[in-house]
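**Student:** with the sequence up front, the predicted model follows.
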Number of protein chains: 4
Amino acid sequence: MQRRIKNFKNIVTNYKAVFFDAFGVLKNHQGLIPGIIKTFEYLDEKGIKYYILTNDSSRSPEALAKWYQERGVWQVTSDKILSSGMLAMEYFKAKVDNGHSVAYLGTLNSAHYIETAGLNTVAVKDVDLDDLENVDSFAFLDDEGFNWNDDINKTINLLRKKNMTVVVANTDINYPVSQNDISVAVGSLADMVEKIIGKMFIRFGKPDAQMFLLAYERALLDINRLKRNEILMVGDTLFTDIIGGNKFGLDTVLVLSGNTLPDMAMIRISSSGIIPTYICETAVVG
Amino acid sequence: MQRRIKNFKNIVTNYKAVFFDAFGVLKNHQGLIPGIIKTFEYLDEKGIKYYILTNDSSRSPEALAKWYQERGVWQVTSDKILSSGMLAMEYFKAKVDNGHSVAYLGTLNSAHYIETAGLNTVAVKDVDLDDLENVDSFAFLDDEGFNWNDDINKTINLLRKKNMTVVVANTDINYPVSQNDISVAVGSLADMVEKIIGKMFIRFGKPDAQMFLLAYERALLDINRLKRNEILMVGDTLFTDIIGGNKFGLDTVLVLSGNTLPDMAMIRISSSGIIPTYICETAVVG
Amino acid sequence: MQRRIKNFKNIVTNYKAVFFDAFGVLKNHQGLIPGIIKTFEYLDEKGIKYYILTNDSSRSPEALAKWYQERGVWQVTSDKILSSGMLAMEYFKAKVDNGHSVAYLGTLNSAHYIETAGLNTVAVKDVDLDDLENVDSFAFLDDEGFNWNDDINKTINLLRKKNMTVVVANTDINYPVSQNDISVAVGSLADMVEKIIGKMFIRFGKPDAQMFLLAYERALLDINRLKRNEILMVGDTLFTDIIGGNKFGLDTVLVLSGNTLPDMAMIRISSSGIIPTYICETAVVG
Amino acid sequence: MQRRIKNFKNIVTNYKAVFFDAFGVLKNHQGLIPGIIKTFEYLDEKGIKYYILTNDSSRSPEALAKWYQERGVWQVTSDKILSSGMLAMEYFKAKVDNGHSVAYLGTLNSAHYIETAGLNTVAVKDVDLDDLENVDSFAFLDDEGFNWNDDINKTINLLRKKNMTVVVANTDINYPVSQNDISVAVGSLADMVEKIIGKMFIRFGKPDAQMFLLAYERALLDINRLKRNEILMVGDTLFTDIIGGNKFGLDTVLVLSGNTLPDMAMIRISSSGIIPTYICETAVVG
């Protein structure tokens, strides 16, 4: 059904905007995907706009952009990054009453980002279970920065003690840490807690439409009357990037530089029923 | 946390637009909720815009609107109705190649609506399993209009034989047919088929953000620069209307005229962790 | 880890008893697996006992045995057949009060078997929803013999109206009907109903230990002090036969004559983590 | 349907053997259920045998029995205790090759019990991921005794690196630690890991039939030709004790001294469809 096209350039040239997944597309555990800077140079040359959609709530868009800049990709600025953490932050900004706090599991960094919206945060380890008056909402932000044994159990008892809205700011269940190894992502910890307490959490992140909407609204600021079929979504994962892009009405490219390996791509497409518009080896413009 | 307010009027007056769920809010198995026309009269008088969000792909917005008009509620016109069937139709319009057909389970009526977008449809019972060249996508539209024994089995073998995108145009798992009785909705049939064939379907319907986006984009045509927190979502179901509205950044009212019964409302809120901004007996302006 | 051994004979000779799965091992959609009678001749010659474990509640053991006998395999007598239907029948015999009825979905044949235990049955289509005094339990017996549209909806409203124990007498979610085609099994219909009404059903069938216990208790009547590690389970499905046999303490053979295809066997084992003791092409003694 | 009977004595007197759940029936977070010793005295006086079925793999039956003995209940000896840990131990004894090791998550105590069967064990933290030749199986034994952050991630990468059978020796998802607080049980950690790596684990513990079989086989040593309907299962949890007992063919008593609170019992029975034969306030003989 879809056509495998060798060079990403031939595809991308037909679109006004490109949405990139980050991990497995622009970077991997070793750093930047070699040559990816040429892609941004080509897009700039052609006047095609680009944005990065990432299920990441561990850091601010500024901190995420800094990683690219430090590696010479000055094109990736913070205003081009759309993260699930931004959706969580917007949610709390709209919903948390003045003076109240968001309890969280994650690093100090992940909490600082929420605080930039003028909100108070409190790490689970510092929550006083006997004084919850000012704690009205909860966020799963990052799998690091806390003691799982103590703080996951404390989270469960906190959420049993007081009914509050719980936000999962990254729905991924794991992430790669090296060529062969992976790590539990905060989405898995949230799934476990949700099952134990029997409540329903609010989740932000691809493949959910709200991530694509965030990027689409951002792109509309740059390109007046941009239509969805003028946008290309580029991702390495069928179950998040591709199905989410398809459903939102975008054309999609599956690249084989990340967690869908070249020799498994057709089997995965056929067994999942998730069909990208195109398949490319990489997002590097040759 | 949320405040129970007797009269819906006192709440709705603070918003520029209202999103209504249909079943359990505006109507029930006996017909219109008594007095609901006064709500529309009040909203018109105050200049508050209103829209109806419904997980229904059995009929066109015109047919859905006609039901209200026949009962004297001339205010509900087809342009105010946003259905999951519309999202399915838009999806196929963008994604299905010229001359190709959408195979479907549902009534003729449900298929006719998709055909208004210029698409061909073919009922599963009329699909020739030995000639699938022109069948590239599949839709679960309605639980009625076909023989479950024959056509569900045929659907499974069709989807095993050719890899194609499958759209579920109504995610509800059941719907009420009388005071006490319910019926299997097409969402349940789709869940069963998906589990058997092991593929991943695209689903449209509350609580998914795309339904709220459809209504929000519609409302923006009427109200320039409308912000999300200027919209009130009114629903009778925590798991679709309320969590979906909350997540999209709307304020929400749980009404007790549908499937959340008055004496169970607080227990359900507390056990689910889904917290509406307000609770009202009904959406009727007293 | 496991060793692939060409001839089933070399394996089976080390055991006192063999448990066979039926479909994919002894028979397929075309009839008997060619040459399988030689296996029974060999087992008889060596004095190795054999039993057939099948997730089938559509017919009595007598009717199931007749199928083999009609094809010349006189060795398979009804006393050697252990079915999930027998567990359901035993359950109702122990639990249903005198004079009360078991409501069911299935064929007349599937109900007749339960009636041999002295129980009354009533097809869902014949249940009077206004007089449920004598209906205390429910059975999912077969996917055939009733109108799905009408009777599944009636089942749901019956089970909402009166709280009763529900037994699923065959946990399979589908079954093969030809080389390429499958059919929804009654286990899938039960899963759908269970999800809609939110209750918990009692399920009988592999991989559940109770099926293996039924066969083990049967084998103990033939072989005094038979130990579990003296029994070989032969099956074509990792998720039922092999994991169930492993867990019950039996040695297991995966045969490749059914739904685990030869070129996928190692991938399936490796991706599922279900590891048979041996792998053979077929259960036919060469 | 079931009858609520004030005094446990009137029920238990009709049976030859009693299976007790431990937590919520014989003990709670404060210690022994007051007066429970009178129950054992009565059973001894009447010659009714009793056994304790517990989803516990943290300690040996000897250590579990010692807890009762130290509190004056000398009747509870280790030979009367049947734990899910025993099933795990039996599994490894039958399946692990000589000289090979079982990798585990849990306390030293939980591993020591498996070693009493002559098996080697190795804590995940001590596994050398570059030398897995002798590690052929894995056990989830206890939620304590290891660093979750480090060792759960290491477990995932170990199980991705080498395909091996994984046993979950306690299927509970949480357990009470005080009047109001609970703790994540090892079953939840196993569920999370299983979902991330996509493999299928072997689980031991109620409501699975194998736990009831273990106790039944034990009881047969004391009472010749004991039939299942001569056994009474006593538990505080519908989803483990009661449905498991029902399915195994036992009569069941729901007691209200544990996690099914008196005012919720009828609602829970009605919403779950799990119907005990009897309901009692406690298992204490009045």
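**Tutor:** Cool, the structure landed. Numbering: from 1, shown residues only, chains lettered A, B, ... in the order given.
**Student:** neighbours around the closest residue to chain B within the stretch 101-250 of chain A, how many?
**Tutor:** Minimum separation of the stretch 101-250 of chain A from chain B (Cβ to the nearest Cβ) falls at A:Lys199, amounting to 3.2 Å. For glycine as for every other residue, the C-beta is placed from the backbone atoms N, C-alpha and C. Around A:Lys199 there are 19 other residues, counting by other Cβ atoms under 10 Å in any protein chain shown.
**Student:** same deal with A:Lys6?
**Tutor:** For A:Lys6, using other Cβ under 10 Å, the count is 9.
**Student:** give the contact list for it.
**Tutor:** A:Cys280, A:Glu281, A:Gly286 (Cβ atoms under 8 Å, 6 or more residues apart in numbering or on different chains).
**Student:** where does the last one land in three-state SS?
**Tutor:** Three-state call for A:Gly286 (DSSP: H, G, I helix; E, B strand; the rest coil): coil.
**Student:** closest to D:Val167 out of the contacts of A:Lys6?
**Tutor:** A:Glu281 (41.5 Å; Cβ to Cβ).
**Student:** so what's the backbone phi/psi at A:Gly118?
**Tutor:** Backbone torsions for A:Gly118, taken as degrees, to the nearest 10, come to phi 90, psi 10.
**Student:** ditto for A:Asn28
**Tutor:** Per degrees, to the nearest 10, the backbone of A:Asn28 is at phi -140, psi -170.
**Student:** give the contact list for it.
**Tutor:** Neighbouring residues of A:Asn28 by Cβ under 8 Å, 6+ apart: A:Pro176, A:Ser257, A:Gly258.
**Student:** now do A:Gly244
**Tutor:** By Cβ under 8 Å, 6+ apart, the residues touching A:Gly244 are A:Lys206, A:Pro207, A:Asp208, A:Ala209, A:Met211, A:Phe212, A:Met233.
**Student:** of those residues, list those near chain B.
**Tutor:** When contact is defined as Cβ under 8 Å from any Cβ of the partner chain, those meet chain B at A:Asp208, A:Ala209.
**Student:** what's the pLDDT at the residue of chain A found nearest chain D?
**Tutor:** Nearest residue of chain A to chain D, counting by Cβ to the nearest Cβ: A:Trp148, 3.6 Å away. What the model reports as pLDDT for A:Trp148 is 98.
**Student:** quick check, it in contact with D:Ile152.
**Tutor:** Yes. The pair A:Trp148 and D:Ile152 qualifies as a contact (Cβ atoms under 8 Å) at a distance of 7.3 Å.
**Student:** next, count neighbours for A:Gly118.
**Tutor:** 10.
**Student:** OK, contacts around the residue nearest to it when sequence neighbours are not counted?
**Tutor:** Counting by Cβ to Cβ, 6 or more residues apart in numbering or on different chains, A:Gly118 lies nearest to A:Lys93, which is 7.4 Å off, once chain neighbours are set aside. Applying Cβ under 8 Å, 6+ apart to A:Lys93 gives the contacts A:Ala117, A:Gly118, A:Leu119.
**Student:** where does chain A have low pLDDT?
**Tutor:** Where chain A drops to pLDDT under 70, the residues are A:1-4.
**Student:** SS state for the nearest residue to A:Thr165 once chain neighbours are set aside?
**Tutor:** Counting by Cβ to Cβ, 6+ apart, A:Ser137 is the residue found nearest to A:Thr165 once chain neighbours are left out, at 4.9 Å. Put simply, A:Ser137 is strand when judged by three-state DSSP.
**Student:** need the contact list for A:Ser137.
**Tutor:** Here A:Ser137 is in contact with A:Phe92, A:Lys95, A:Val96, A:His100, A:Val102, A:Ala103, A:Met164, A:Thr165, A:Val166, A:Val167 (Cβ under 8 Å, 6+ apart).
**Student:** A:Asp44 too?
**Tutor:** A:Gln75.
**Student:** where do the helices sit along the stretch 101-250 of chain A?
**Tutor:** Secondary structure of the stretch 101-250 of chain A (DSSP state H, counting those that start in this stretch): helices at A:108-115, A:148-161, A:186-197, A:209-222, A:243-248.
**Student:** next SSE after the shortest one?
**Tutor:** Moving toward the C-terminus from helix A:243-248, the next helix or strand (DSSP states H and E) is strand A:251-255.
**Student:** which strands and helices lie in contact with that next one?
**Tutor:** Judged by 3 or more Cβ pairs under 8 Å, 6 or more residues apart in numbering or on different chains; DSSP states H and E, strand A:251-255 is in contact with helix A:8-12, strand A:231-235, helix A:243-248, strand A:278-280.
**Student:** how about A:Thr240: what's its closest non-neighbour residue?
**Tutor:** Nearest residue to A:Thr240, sequence neighbours excluded (Cβ to Cβ, 6+ apart): A:Lys206, at 4.1 Å.
**Student:** most tightly packed of the helices and strands packed on strand A:251-255?
**Tutor:** Of all these, strand A:231-235 carries the top mean neighbour count, a mean of 28, counting by mean count of other Cβ atoms under 10 Å in any protein chain shown.
**Student:** who does that strand pair up with?
**Tutor:** Note on strand A:231-235: by DSSP bridges, its sheet partners are strand A:17-21 (parallel), strand A:251-255 (parallel).
**Student:** make TSV out of those strands and add mean neighbour count.
**Tutor:** Listed next are these as TSV, based on neighbours: other Cβ atoms under 10 Å in any protein chain shown:
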stretch	mean neighbour count
strand A:17-21	26
strand A:251-255	25
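**Student:** name the nearest of the contacts of A:Lys93 relative to C:Ala88.
**Tutor:** A:Leu119 (56.6 Å).
**Student:** now the strands for the stretch 51-200 of chain A?
**Tutor:** A:81-83, A:101-105, A:120-123, A:135-140, A:165-168, A:174-176, A:182-184 (DSSP state E, counting those that start in this stretch).
**Student:** out of these, the one nearest B:Tyr216 is which?
**Tutor:** That would be strand A:81-83 among those, by Cβ to Cβ, at 17.9 Å.
**Student:** now check that closest one, is it near chain B?
**Tutor:** No. Applying Cβ under 8 Å from any Cβ, one finds strand A:81-83 out of contact with chain B, separated by at least 14.3 Å.
**Student:** contacts only, for A:Phe201.
**Tutor:** Contacts of A:Phe201 (Cβ under 8 Å, 6+ apart): A:Phe140, A:Val166, A:Val167, A:Val168, A:Ala190, A:Glu194, B:Gly273.
**Student:** which one of those has the most neighbours?
**Tutor:** A:Phe140 (29 neighbours).
**Student:** let me see the contact set for that one.
**Tutor:** With Cβ under 8 Å, 6+ apart, A:Phe140 has these contacts: A:104-106, A:166-170, A:186-187, A:189-190, A:193, A:201.
**Student:** over to A:Ala65?
**Tutor:** By Cβ under 8 Å, 6+ apart, the contact list for A:Ala65 reads A:Val76, A:Thr77, A:Ser78, A:Lys80, A:Ile81.
**Student:** which one of those residues is nearest to A:Thr13?
**Tutor:** Taking the contacts of A:Ala65 together and measuring to A:Thr13 by Cβ to Cβ, the closest member is A:Lys80, at 19.5 Å.
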